[in-house]
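Enquirer: Quick one: sequence and predicted model below, then my questions.
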Amino acid sequence: MTLRDDGRNAVEIPLDGKVAKRFGAYASFTTPDDPIRVDFFGDPPNREFNRLLDGYADKQTQALDLGCGAGFTLCRIADRVQSIVGVDLQSDLLQAAEARIRSRGIKNARVVHGDTTHDETVTKLEDGRFSLAFSQRGPFLTRALASKLTPDAVFVVELAQDYLGLKQIFGRTPFVPQSTGDPDWAVGAQAGAGFVPVSAKSYWYHEYFRNADHLAAYLRRGACLENWWMEPCPYEEPRDRAALELWCRYNQDESGIRLVVHRKVYVFRRQAIDYYPATLSWADQ
Ligand SMILES: C[S@@+](CC[C@H](N)C(=O)[O-])C[C@H]1O[C@@H](n2cnc3c(N)ncnc32)[C@H](O)[C@@H]1O
């Protein structure tokens, strides 16, 4: 299967139709509201994430996919590793992942339904088993999850950041530095689970929309304007139209209406640490 640089996948099996409609780009599906053009200006983060995964995976690897969604990446790397387990809290997405595993005839993959921050999910995973864990815009490691990893395990992460300035104009986030905008946030969070950084890269690229209505349709899908600390608050007319028009006026160029996407790709490795200067309590679960 050819890797698309924007990480989006076409509907492949019958179950995909339903989940693609509901989750769209959040679960790495193409949708009718996708941008008309994406300019990476160089290396796309998805290519880097997959390059790293391929580099760390080998036939001895037991892999763990945190927030596997509809299972595209899980299925892609299954034949490079000895075995792979995907975990996700959305049962609809997990059913699509299971169906994809079956439809591709993959025998060394399984999925676990549940929230990675809950004990009842974590106890379904074998202690000290996984040498490669990864999360593509899914959850981070916790201390409980780390106990399921080998002492030399590596954790590869692609982190989606907010579109630059978008939530501010739509009143979904304050005009002050945010936790996830802090480049050291992820490093401190993973230190709490016994993982130290190997590398961190930031990517900025452009997505273009035809006009205000096209962008409104994209934002109506929700995830772009959501924050973990508030109720889902997707684009809604007439509440958000004025902000949309302001955005379009500021961000129109010859290619269309622009969103600036920010992604990060990290590698962490496990290391016993008695003391680390940045530890967040949530990772101590
Ligand atoms: C942005 S989607 C990405 C899905 C997939 N990794 C991909 O790249 O298409 C994030 C996924 O993580 C899952 N997720 C988020 N928090 C989770 C948690 N605490 N436990 C399990 N799954 C979680 C969501 O249900 C969702 O499927």
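Expert: Structure received.

Enquirer: got the residues of this structure near the ligand?
Expert: Neighbours of the ligand within the chain, by Cβ under 6 Å from any ligand atom: 26-28, 67-69, 72-73, 87-90, 93, 115-117, 136-139. The way it works is simple: take the backbone N, C-alpha and C, and place the C-beta from them, glycine included.

Enquirer: what about 8 Å?
Expert: Selection of the chain residues close to the ligand by Cβ under 8 Å from any ligand atom yields 7, 9, 23, 26-28, 65-70, 72-73, 87-90, 93, 114-118, 121, 135-139, 158, 160, 223.

Enquirer: what ranges of the protein fall below the confidence cut-off?
Expert: Along the chain, the model assigns pLDDT under 70 to residues 1-2, 176-183, 222, 273-285.

Enquirer: what ranges do the strands span in it?
Expert: 37-39, 62-66, 83-88, 109-113, 130-136, 149-161, 195-209, 252-253, 256-270 (DSSP state E).

Enquirer: what's the second one in contact with?
Expert: Applying Cβ atoms under 8 Å, 6 or more residues apart in numbering, the contact partners of strand 62-66 are 57, 73-74, 77, 81-87, 116, 125, 129-136, 138-141, 145, 148-150.

Enquirer: is the closest residue to Gln161 other than its chain neighbours in a bridge, and if so with what?
Expert: In this structure, Gln161 finds its nearest non-sequential neighbour in His262, 3.8 Å apart by Cβ to Cβ, 6 or more residues apart in numbering. Per DSSP bridges, the residues bridged to His262 are Gln161, Trp204.

Enquirer: From Val38, how far out is His262?
Expert: Separation of His262 from Val38 (Cβ to Cβ, to the nearest Å): 14 Å.

Enquirer: Can you give me the neighbour number for Pro174?
Expert: For Pro174, the count of nearby residues is 9 (other Cβ atoms under 10 Å).

Enquirer: How about it: what's its closest non-neighbour residue?
Expert: Gln168 (7.7 Å).

Enquirer: just Asn50 next, same as before
Expert: Closest residue to Asn50 apart from its sequence neighbours, by Cβ to Cβ, 6+ apart: Leu3 at 6.0 Å.

Enquirer: returning to that earlier point: just the buried ones out of the contacts of strand 62-66, please.
Expert: 57, 73-74, 77, 81, 84-87, 116, 125, 130-136, 138-141, 145, 148-149 (16 or more other Cβ atoms under 10 Å).

Enquirer: where's the residue nearest the centre of the chain relative to Gly128, distance?
Expert: Residue closest to the mean C-alpha point of the chain, counted by Cα atoms, centre = their mean, is Arg137 at 1.1 Å. Distance, Arg137 to Gly128, by Cβ to Cβ: 27 Å.

Enquirer: in the protein, which spans are helices?
Expert: For the chain, the helices defined by DSSP state H cover 14-23, 45-56, 72-78, 91-103, 119-122, 143-146, 166-169, 185-191, 212-220, 241-250.

Enquirer: now the strands of the chain in JSON lines, with distance to Leu52?
Expert: JSON lines is the format used below for the strands of the chain (distance: least, Cβ to Cβ, whole Å):
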{"stretch": "strand 37-39", "distance to Leu52": "21"}
{"stretch": "strand 62-66", "distance to Leu52": "13"}
{"stretch": "strand 83-88", "distance to Leu52": "16"}
{"stretch": "strand 109-113", "distance to Leu52": "20"}
{"stretch": "strand 130-136", "distance to Leu52": "8"}
{"stretch": "strand 149-161", "distance to Leu52": "5"}
{"stretch": "strand 195-209", "distance to Leu52": "8"}
{"stretch": "strand 252-253", "distance to Leu52": "33"}
{"stretch": "strand 256-270", "distance to Leu52": "6"}
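
Enquirer: Which stretch among these approaches Ser103 most closely?
Expert: Comparing these against Ser103 with Cβ to Cβ, the closest turns out to be strand 109-113 (12.1 Å).
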